[in-house]
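Engineer: output the structure for:
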Amino acid sequence: MTEISAGAPALWRHAEFRRGAREMIGIALGISAWGVVAGVAMANSSLGTAWAVVMSLVVFSGTGQIASLPLISSGAPLWVIWATVACVNLRFVIFSLQWRPYWVHLPLRWRLGVAYFCADLNYVTFVRRFPDPKPAPEQWPYFWGGMVVNWGAWQVSSLLGIVLAHHLPMHWGLSFAGTTALLALTYTLVSDRATWVAAAVAACAAVAAYALPLRLNILVAIAAAVAVGVVIDHTKPKSAPKAA
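Structural biologist: Numbering: from 1, shown residues only. All right, here's what the predicted structure looks like:
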(Lines give C-alpha, C1' and ligand atoms only; values in the text may rest on other atoms or scores of the structure.)
Protein backbone atom coordinates (compact mmCIF):
# COMPACT_ATOMS: atom_id res chain seq x y z
CA MET A 1 0.00 0.00 0.00
CA THR A 2 2.96 2.34 0.49
CA GLU A 3 3.67 2.45 -3.22
CA ILE A 4 0.02 3.21 -4.01
CA SER A 5 -0.46 5.92 -1.44
CA ALA A 6 2.78 7.61 -2.49
CA GLY A 7 1.04 8.96 -5.59
CA ALA A 8 1.68 9.03 -9.32
CA PRO A 9 4.91 11.12 -9.27
CA ALA A 10 6.68 8.54 -7.09
CA LEU A 11 5.20 5.75 -9.18
CA TRP A 12 6.58 6.81 -12.54
CA ARG A 13 10.03 7.46 -11.04
CA HIS A 14 10.23 3.90 -9.74
CA ALA A 15 12.74 1.64 -11.50
CA GLU A 16 10.12 -1.09 -11.95
CA PHE A 17 7.76 1.39 -13.64
CA ARG A 18 10.44 2.10 -16.22
CA ARG A 19 11.17 -1.60 -16.59
CA GLY A 20 7.50 -2.43 -17.16
CA ALA A 21 7.24 0.30 -19.78
CA ARG A 22 10.46 -0.77 -21.48
CA GLU A 23 9.41 -4.42 -21.72
CA MET A 24 6.02 -3.47 -23.13
CA ILE A 25 7.48 -1.18 -25.81
CA GLY A 26 8.69 -4.20 -27.77
CA ILE A 27 5.14 -5.59 -27.82
CA ALA A 28 3.51 -2.27 -28.74
CA LEU A 29 3.95 -2.93 -32.48
CA GLY A 30 1.48 -5.82 -32.46
CA ILE A 31 -0.88 -3.93 -30.16
CA SER A 32 -0.79 -0.94 -32.50
CA ALA A 33 -1.48 -3.08 -35.56
CA TRP A 34 -4.61 -4.50 -33.95
CA GLY A 35 -5.60 -1.05 -32.71
CA VAL A 36 -5.60 0.30 -36.24
CA VAL A 37 -7.69 -2.68 -37.40
CA ALA A 38 -10.24 -2.12 -34.64
CA GLY A 39 -10.36 1.61 -35.32
CA VAL A 40 -10.96 1.15 -39.04
CA ALA A 41 -13.63 -1.49 -38.38
CA MET A 42 -15.48 0.76 -35.92
CA ALA A 43 -15.35 3.80 -38.18
CA ASN A 44 -16.61 1.80 -41.17
CA SER A 45 -19.51 0.37 -39.17
CA SER A 46 -22.83 2.00 -38.35
CA LEU A 47 -21.43 3.57 -35.16
CA GLY A 48 -20.16 6.79 -36.66
CA THR A 49 -16.98 8.57 -35.67
CA ALA A 50 -18.14 9.95 -32.30
CA TRP A 51 -19.42 6.62 -30.97
CA ALA A 52 -16.39 4.82 -32.37
CA VAL A 53 -14.18 7.08 -30.25
CA VAL A 54 -16.37 6.40 -27.19
CA MET A 55 -16.16 2.65 -27.76
CA SER A 56 -12.40 2.80 -28.16
CA LEU A 57 -12.01 4.57 -24.81
CA VAL A 58 -14.63 2.63 -22.84
CA VAL A 59 -14.35 -0.89 -24.26
CA PHE A 60 -10.66 -1.68 -23.85
CA SER A 61 -10.95 -4.95 -25.79
CA GLY A 62 -10.22 -5.40 -29.47
CA THR A 63 -12.00 -8.74 -29.67
CA GLY A 64 -15.01 -7.31 -27.86
CA GLN A 65 -15.16 -4.32 -30.16
CA ILE A 66 -14.89 -6.30 -33.39
CA ALA A 67 -17.28 -9.05 -32.24
CA SER A 68 -19.97 -6.53 -31.29
CA LEU A 69 -19.89 -4.47 -34.50
CA PRO A 70 -21.94 -6.77 -36.76
CA LEU A 71 -24.48 -7.23 -33.98
CA ILE A 72 -24.82 -3.47 -33.51
CA SER A 73 -25.17 -2.96 -37.27
CA SER A 74 -27.91 -5.60 -37.46
CA GLY A 75 -29.86 -4.06 -34.58
CA ALA A 76 -29.41 -7.02 -32.23
CA PRO A 77 -30.83 -6.68 -28.70
CA LEU A 78 -28.49 -5.18 -26.14
CA TRP A 79 -28.40 -8.37 -24.09
CA VAL A 80 -27.17 -10.32 -27.13
CA ILE A 81 -24.37 -7.82 -27.68
CA TRP A 82 -23.36 -7.94 -24.01
CA ALA A 83 -23.48 -11.75 -23.97
CA THR A 84 -21.33 -11.98 -27.10
CA VAL A 85 -18.70 -9.60 -25.75
CA ALA A 86 -18.69 -11.52 -22.46
CA CYS A 87 -18.16 -14.81 -24.29
CA VAL A 88 -15.23 -13.64 -26.41
CA ASN A 89 -13.61 -12.18 -23.30
CA LEU A 90 -14.12 -15.17 -21.01
CA ARG A 91 -10.37 -15.71 -21.09
CA PHE A 92 -10.07 -12.85 -18.62
CA VAL A 93 -11.89 -14.97 -16.07
CA ILE A 94 -8.97 -17.36 -16.29
CA PHE A 95 -6.50 -14.48 -16.19
CA SER A 96 -8.20 -13.03 -13.12
CA LEU A 97 -7.67 -16.26 -11.22
CA GLN A 98 -3.95 -15.87 -11.91
CA TRP A 99 -3.99 -12.15 -11.03
CA ARG A 100 -5.85 -12.63 -7.75
CA PRO A 101 -2.92 -13.63 -5.48
CA TYR A 102 -1.06 -10.49 -6.55
CA TRP A 103 -3.88 -7.96 -5.98
CA VAL A 104 -6.26 -9.51 -3.46
CA HIS A 105 -4.93 -7.25 -0.69
CA LEU A 106 -5.80 -4.03 -2.58
CA PRO A 107 -8.95 -1.94 -1.98
CA LEU A 108 -11.84 -2.53 -4.38
CA ARG A 109 -11.33 0.74 -6.28
CA TRP A 110 -7.76 -0.24 -7.18
CA ARG A 111 -8.78 -3.75 -8.20
CA LEU A 112 -11.44 -2.28 -10.49
CA GLY A 113 -8.74 -0.14 -12.09
CA VAL A 114 -6.60 -3.23 -12.64
CA ALA A 115 -9.62 -5.02 -14.13
CA TYR A 116 -10.12 -2.30 -16.74
CA PHE A 117 -6.48 -1.93 -17.73
CA CYS A 118 -5.33 -5.55 -17.70
CA ALA A 119 -4.69 -7.09 -21.13
CA ASP A 120 -3.41 -10.33 -22.60
CA LEU A 121 0.21 -9.46 -23.29
CA ASN A 122 0.52 -7.34 -20.17
CA TYR A 123 -0.57 -10.39 -18.20
CA VAL A 124 2.13 -12.47 -19.91
CA THR A 125 4.94 -10.01 -19.19
CA PHE A 126 3.79 -9.50 -15.59
CA VAL A 127 3.65 -13.20 -14.74
CA ARG A 128 7.00 -13.75 -16.41
CA ARG A 129 8.51 -10.95 -14.30
CA PHE A 130 6.84 -12.15 -11.07
CA PRO A 131 6.38 -15.93 -11.29
CA ASP A 132 5.84 -16.27 -7.54
CA PRO A 133 2.09 -15.52 -6.99
CA LYS A 134 2.27 -13.36 -3.91
CA PRO A 135 2.20 -9.57 -3.38
CA ALA A 136 5.43 -7.58 -3.60
CA PRO A 137 5.97 -3.78 -3.47
CA GLU A 138 7.59 -3.58 -6.91
CA GLN A 139 4.64 -5.21 -8.68
CA TRP A 140 2.44 -2.11 -8.59
CA PRO A 141 4.85 0.25 -10.43
CA TYR A 142 5.80 -2.50 -12.88
CA PHE A 143 2.16 -3.14 -13.72
CA TRP A 144 1.40 0.53 -14.38
CA GLY A 145 4.58 1.05 -16.35
CA GLY A 146 3.49 -1.67 -18.75
CA MET A 147 -0.09 -0.47 -18.80
CA VAL A 148 0.82 3.12 -19.71
CA VAL A 149 2.52 1.83 -22.86
CA ASN A 150 -0.09 -0.86 -23.54
CA TRP A 151 -3.16 1.35 -23.13
CA GLY A 152 -1.49 4.30 -24.83
CA ALA A 153 -0.40 2.26 -27.85
CA TRP A 154 -3.89 0.82 -28.23
CA GLN A 155 -5.74 4.11 -27.92
CA VAL A 156 -3.42 6.09 -30.19
CA SER A 157 -3.51 3.44 -32.92
CA SER A 158 -7.26 2.86 -32.55
CA LEU A 159 -8.03 6.57 -32.80
CA LEU A 160 -5.64 6.79 -35.75
CA GLY A 161 -7.55 3.98 -37.45
CA ILE A 162 -10.83 5.85 -36.85
CA VAL A 163 -9.45 9.06 -38.35
CA LEU A 164 -7.86 7.33 -41.35
CA ALA A 165 -10.64 4.76 -41.86
CA HIS A 166 -11.63 6.01 -45.32
CA HIS A 167 -8.01 5.98 -46.44
CA LEU A 168 -7.16 2.55 -44.98
CA PRO A 169 -9.99 0.24 -46.06
CA MET A 170 -10.25 -3.21 -44.51
CA HIS A 171 -9.70 -4.98 -47.84
CA TRP A 172 -6.04 -3.93 -47.63
CA GLY A 173 -5.57 -6.93 -45.34
CA LEU A 174 -4.93 -4.96 -42.16
CA SER A 175 -6.38 -7.68 -39.94
CA PHE A 176 -3.92 -10.21 -41.37
CA ALA A 177 -1.05 -7.79 -40.74
CA GLY A 178 -2.19 -7.34 -37.14
CA THR A 179 -2.46 -11.09 -36.61
CA THR A 180 1.00 -11.65 -38.10
CA ALA A 181 2.53 -9.00 -35.84
CA LEU A 182 0.94 -10.53 -32.74
CA LEU A 183 2.11 -14.01 -33.73
CA ALA A 184 5.68 -12.74 -34.13
CA LEU A 185 5.57 -11.13 -30.71
CA THR A 186 4.02 -14.20 -29.11
CA TYR A 187 6.83 -16.32 -30.57
CA THR A 188 9.37 -14.29 -28.59
CA LEU A 189 7.49 -15.10 -25.36
CA VAL A 190 7.69 -18.87 -25.91
CA SER A 191 10.96 -19.55 -24.15
CA ASP A 192 10.98 -23.15 -22.85
CA ARG A 193 9.52 -26.61 -23.38
CA ALA A 194 6.51 -25.99 -21.15
CA THR A 195 5.42 -22.85 -23.02
CA TRP A 196 6.04 -24.50 -26.39
CA VAL A 197 3.84 -27.45 -25.46
CA ALA A 198 1.12 -25.16 -24.06
CA ALA A 199 1.23 -22.99 -27.20
CA ALA A 200 0.99 -26.03 -29.48
CA VAL A 201 -1.95 -27.45 -27.52
CA ALA A 202 -3.69 -24.05 -27.61
CA ALA A 203 -3.24 -23.80 -31.38
CA CYS A 204 -4.62 -27.31 -31.96
CA ALA A 205 -7.56 -26.69 -29.62
CA ALA A 206 -8.40 -23.39 -31.31
CA VAL A 207 -8.48 -25.05 -34.74
CA ALA A 208 -10.42 -28.09 -33.51
CA ALA A 209 -13.06 -25.90 -31.83
CA TYR A 210 -13.23 -23.33 -34.64
CA ALA A 211 -16.84 -24.23 -35.47
CA LEU A 212 -18.07 -23.13 -32.03
CA PRO A 213 -20.21 -19.95 -32.06
CA LEU A 214 -19.21 -16.60 -30.56
CA ARG A 215 -15.50 -17.39 -30.93
CA LEU A 216 -15.67 -19.80 -28.03
CA ASN A 217 -12.74 -21.63 -29.61
CA ILE A 218 -10.56 -18.92 -28.05
CA LEU A 219 -11.78 -19.89 -24.59
CA VAL A 220 -11.26 -23.58 -25.35
CA ALA A 221 -7.70 -22.89 -26.50
CA ILE A 222 -6.88 -20.87 -23.37
CA ALA A 223 -8.40 -23.47 -21.05
CA ALA A 224 -6.45 -26.24 -22.79
CA ALA A 225 -3.19 -24.29 -22.56
CA VAL A 226 -3.71 -23.51 -18.87
CA ALA A 227 -4.56 -27.15 -18.12
CA VAL A 228 -1.44 -28.39 -19.89
CA GLY A 229 0.68 -25.77 -18.14
CA VAL A 230 -0.64 -26.83 -14.74
CA VAL A 231 0.03 -30.51 -15.48
CA ILE A 232 3.59 -29.77 -16.65
CA ASP A 233 4.22 -27.59 -13.61
CA HIS A 234 3.04 -30.32 -11.22
CA THR A 235 5.09 -33.03 -12.95
CA LYS A 236 8.35 -31.09 -12.70
CA PRO A 237 10.80 -32.68 -10.28
CA LYS A 238 11.03 -30.76 -7.05
CA SER A 239 14.33 -29.02 -6.51
CA ALA A 240 16.26 -30.17 -3.50
CA PRO A 241 16.27 -27.69 -0.58
CA LYS A 242 19.44 -25.72 -0.17
CA ALA A 243 21.69 -26.62 2.69
CA ALA A 244 21.72 -24.16 5.54
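Engineer: so how far is the top helix by length along the chain off the chain centroid?
Structural biologist: The residue-count maximum for a helix in the chain (DSSP state H) belongs to helix 139-163. Relative to its chain's centre, helix 139-163 lies at 11 Å (C-alpha atoms, centre = their mean, to the nearest Å).
Engineer: and stretch 197-208, by the same measure?
Structural biologist: That offset, for stretch 197-208, works out to 18 Å (C-alpha atoms, centre = their mean).
Engineer: can you give me the buried ones in that stretch?
Structural biologist: Val197, Ala198, Ala199, Val201, Ala202, Ala205, Ala206 (16 or more other C-beta atoms under 10 Å). Yep, even glycine has a C-beta here, placed from its N, CA and C like the rest.
Engineer: the strands in this structure, which residues?
Structural biologist: With strands called from DSSP state E, the chain shows none.
Engineer: tell me how it divides into domains.
Structural biologist: 2-189, 192-236 (automatic domain parsing).
Engineer: now do the end-to-end distance for the shortest one.
Structural biologist: Okay, so that is domain 192-236. 13 Å (C-alpha to C-alpha, to the nearest Å).
Engineer: quick one: mean pLDDT for that domain?
Structural biologist: Regarding domain 192-236, the rounded mean pLDDT is 81.
Engineer: check stretch 111-122 too.
Structural biologist: pLDDT averaged over stretch 111-122 gives 87.
Engineer: show me what it is in contact with.
Structural biologist: 24, 27, 30-31, 60, 91-92, 95-96, 99, 103, 106, 143, 146-147, 150-151, 154, 185, 189 (C-beta atoms under 8 Å, 6 or more residues apart in numbering).
Engineer: out of these, name the ones that lie in helices.
Structural biologist: Using DSSP H, those in helices are 24, 30-31, 91-92, 95-96, 99, 103, 143, 146-147, 150-151, 154, 185, 189.
Engineer: among the residues you listed, name the buried ones.
Structural biologist: Among those, those classed as buried by 16+ other C-beta under 10 Å are 24, 30-31, 91-92, 95, 99, 103, 143, 146-147, 150-151, 154, 185.
Engineer: run through the residues that contact Val231.
Structural biologist: Counted by C-beta under 8 Å, 6+ apart, Val231 has zero contacts.
Engineer: how much space between it and Arg128?
Structural biologist: Distance, Val231 to Arg128, using C-beta to C-beta, to the nearest Å: 20 Å.
Engineer: with Ala227 instead?
Structural biologist: Ala227 is 20 Å from Arg128, where distance means C-beta to C-beta.
Engineer: so where's the protein uncertain?
Structural biologist: 1-9, 168-189, 191, 214-215, 237-244 (pLDDT under 70).
Engineer: helices of that one, residue ranges please.
Structural biologist: Using DSSP H, helices in the chain cover 2-5, 8-13, 15-25, 28-43, 49-58, 62-73, 78-88, 91-103, 108-117, 120-129, 139-163, 174-189, 193-208, 216-235.
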